[in-house]
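In: following is a predicted model, sequence given first.
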Amino acid sequence: MSNAEKDPAAILCETGSDGEGPAAPKPAAPKVDVLTPRDVPLGGPRAMTVRRTLPQRARSLIGAWCFADHYGPDDVATSGGMDVAPHPHTGLSTVSWLFTGEIEHRDSLGTHAFVRPGELNLMTGGRGISHSEVSTPDTTTLHGVQLWVALPESHRDTPPDFHHYAPAPVHVDGAEIRVFLGSLAGSISPVPTFTPLLGAEILLPAHSTLTLPLDPAFEHGLLVDQGPVTFCGTLLARSELGHLPPGTPTLTLTNASDDTARTILLGGTPFGEQIIMWWNFVGRTTEDIARARADWATGDRFGEVKGYDGAPLPAPELPNVPLKPRGNAR
């Protein structure tokens with residue numbers, strides 16, 4: 001999905017003290033930082049509004065996860081649904097995961113695929129790719145998450161690529177888990193990543209508790225879609241994202257409600273690099289971003305999306321203010 005803000009912020013993302021040096025001593029009890037979402041309208045007055053938890057001032061990255069939009073359930077039967085014209089990406093991978101609805105994906109590699117509930121679509125932009133996303137005519141409700149993963153400097157200019165994967169659910173103590181990246185609860189995704197990552201959907205029955213082993217080298221984030229859910233002792237409301245620092249060997253989730261809870265668990269080793277995100281580009285310098293914008297304007301580098309009926313998205317104007325560091329405060 002494009003970041004369709006008309007005036008996107010230029011963000012310098014840093015891992016801060018928890019991304020460098022030796023691991024901090026294990027605390028007596030895990031401390032969960034709660035990140036609250038902000039509403040971001042995508043497009044005009046009839047377009048969807050998403051709830052964005054990454055990036056923000058308190059935290060820009062969880063592992064290499066650098067962007068998290070949570071949307072729906074939105075009734076799109078009369079609004080026209082999602083229609084995101086061709087737009088570019090560099091230096092990142094997009095991760096699309098739906099709960100309800102269907103989205104048609106086309107990209108400049110020639111990929112024509114569909115995003116469906118419970119199926120991962122991962123597109124690596126690398127040195128440059130463009131794609132479009134349109135909800136299908138039969139879709140009446142859209143509900144899901146759109147996530148971005150920053151590529152490390154060593155792979156930032158990797159050739160663009162696309163992967164589709166439908167993970168089989170695994171069941172642990174009544175919970176249903178679908179691991180779309182990395183490994184958890186004995187389930188391993190075959191989709192390659194450029195840094196160690198975890199991505200999983202967890203359905204938790206009413207009045208239940210789930211405890212799972214974690215990789216203590218990872219930091220983790222839990223995004224609540226249907227809740228509330230208690231995450232390692234901290235209550236998270238719907239659309240909130242809880243951050244758990246490295247050094248925690250287990251995860252405990254509790255659903256005290258009368259309904260099934262649904263969460264997205266993200267994880268990864270602290271990224272350890274500074275990145276600059278602006279619009280749909282991830283780079284290391286302002287020059288990286290300016291070059292990508294210029295290449296999109298001239299039609300170079302990003303290829304052509306065939307099969308989309310309409311013009312590509314124009315890039316916003318670059319900001320005239322200096323970049324200010326916005327990284328992980330803790």
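Out: Arrived safely, thanks for sending. Numbers count the residues shown, from 1 in each chain.

In: contacts and neighbour counts: CA atoms only from here.
Out: Will do.

In: which residue ranges of this structure form helices?
Out: All helices of the chain, identified by DSSP state H, fall at 286-298.

In: got a pLDDT number for the spatially most central residue of the chain?
Out: With distances taken as C-alpha atoms, centre = their mean, the residue of the chain nearest its centroid is residue 147 (1.5 Å). Looking at residue 147, its pLDDT is 98.

In: before we move on, what about residue 14?
Out: Confidence score, pLDDT, at residue 14: 54.

In: can you give me every residue that contacts the residue nearest to the centre of the chain?
Out: 65-69, 94-96 (C-alpha atoms under 8 Å, 6 or more residues apart in numbering).

In: out of those, who has the most neighbours?
Out: Neighbours here mean other C-alpha atoms under 10 Å. Within those, the largest count is held by residue 65, at 29 neighbours.

In: run through the bridge partners of the residue lying closest to residue 162 once chain neighbours are set aside.
Out: Nearest residue to residue 162 in three dimensions, chain neighbours excluded: residue 123, at 4.4 Å (C-alpha to C-alpha, 6 or more residues apart in numbering). Beta bridges link residue 123 to residue 94, residue 162 when assigned by DSSP bridges.

In: wait, residue 123 sits on residue 160?
Out: Yes. Under the criterion of C-alpha atoms under 8 Å, residue 123 makes contact with residue 160 at 7.5 Å.

In: poorly predicted segments of the chain, please.
Out: Low-confidence regions of the chain, defined by pLDDT under 70, span residues 1-7, 9-29, 43-47, 322-330.

In: and if we set it to 50?
Out: Residue ranges of the chain with pLDDT under 50: 16-22, 24-27, 45, 325, 327, 329-330.

In: which pair in the contacts of residue 147 has the greatest spatial separation?
Out: Spatial extent of the contacts of residue 147 (C-alpha to C-alpha) is set by the pair 66 and 96 at 13.9 Å.

In: now do the end-to-end distance for stretch 120-133.
Out: Length of stretch 120-133, first residue to last, C-alpha to C-alpha, to the nearest Å: 15 Å.

In: do the same with stretch 92-110
Out: Start and end residues of stretch 92-110 are separated by 19 Å (C-alpha to C-alpha).

In: buried sites along that stretch?
Out: Buried residues in stretch 92-110, defined by neighbour count with 16 or more other C-alpha atoms under 10 Å: 92-109.

In: now it, how far from the centre of its chain.
Out: Offset of stretch 92-110 from its chain centre (C-alpha atoms, centre = their mean, to the nearest Å): 12 Å.

In: same thing with stretch 164-176?
Out: Taking C-alpha atoms, centre = their mean, one finds the center of stretch 164-176 at 20 Å from the center of the full chain.

In: mind listing what residue 95 touches?
Out: Contacts for residue 95 were tallied using C-alpha under 8 Å, 6+ apart; they are 120-123, 146-149.

In: whoops, I mixed them up, residue 49
Out: Counted by C-alpha under 8 Å, 6+ apart, residue 49 has contacts 39-42, 71.

In: now the buried members of those residues.
Out: The buried subset of those - by 16+ other C-alpha under 10 Å - is 40-42, 71.

In: for those, which one is nearest residue 303?
Out: Nearest to residue 303 among the buried ones among the contacts of residue 49 is residue 42, at 24.0 Å by C-alpha to C-alpha.

In: these two touch, right, the closest one and residue 48?
Out: Yes. Applying C-alpha under 8 Å, one finds residue 42 in contact with residue 48, separated by 5.7 Å.

In: before we move on, back to that, can you put the contacts of residue 49 in CSV and add distance to residue 179?
Out: Putting the contacts of residue 49 into CSV (distance: C-alpha to C-alpha, whole Å) gives the following:
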residue, distance to residue 179
39, 27
40, 28
41, 29
42, 28
71, 20
